[in-house]
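Novice: mind folding the following:
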Amino acid sequence: MNNSDQPLPVLLVIDDEEEFLETAEIFFRRRGFRVLTASSEDEVFAAVSNGPVSYILVDYFLGEVDGLSLIAGIQQRVEKVALLSGYVSNDLAAQCDDMGVEVFRKPVDLGDISDFFHGK
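Specialist: Just a heads-up that it's a prediction; the model follows:
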C-alpha cells in the first residue's frame, strides 16, 4: 500500500523489447505504480482479464501488430493511454488524438510519462 492506504494504480507496459520492459518496470514501480508487462497480444489480454488496469504504455511498433490496434478494444476501460513511437506521422497523430491517446516520441524520458499518468 502507498502512504494514503489506497491501492497502487496499475500500469500495463506493452513492448516487444525485453530490456525496455525491465527498465520501465523498475522505473514505474519506484514512482508508485503496480506494473504489469506484456510483449504479445496474448499477454496483453491475460493482463487485462486478471483485474483492472489504470494506465497503458504501449509501443507503436510491435512486430506483426501495431500498438494502437492492439489496445483498441481495451483502451476505453483505462484512465489514460500513452503511445511510444520513434516516428509520428500526421495520420498517426490524428488517430491517437481521435482515440484520446497521448503520444511520446522516442527517445523518451520516462519521467515525462510518469508525470502524464500522475496528472502533472
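Novice: just the strands in the protein please.
Specialist: Here the chain has its strands, by DSSP state E, at 10-14, 34-38, 55-59, 61-62, 65-66, 80-85, 102-105.
Novice: got the angle for the lengthiest helix in the chain vs strand 34-38?
Specialist: Criterion DSSP state H: the longest helix present in the chain is helix 18-30. Going by axes from the mean of the first three to the mean of the last three CA atoms, to 10 degrees, helix 18-30 is angled at 170 degrees with respect to strand 34-38.
Novice: and the residue most central in space within the chain, what does it touch?
Specialist: The C-alpha lying nearest the average C-alpha coordinate of the chain belongs to residue 57 (CA atoms, centre = their mean; 1.0 Å). Residues in contact with residue 57, defined by CB atoms under 8 Å, 6 or more residues apart in numbering, are 11, 12, 13, 14, 24, 81, 82, 84, 113. To be clear about C-beta, it is placed using only N, CA and C from the backbone, and glycine gets the same treatment.
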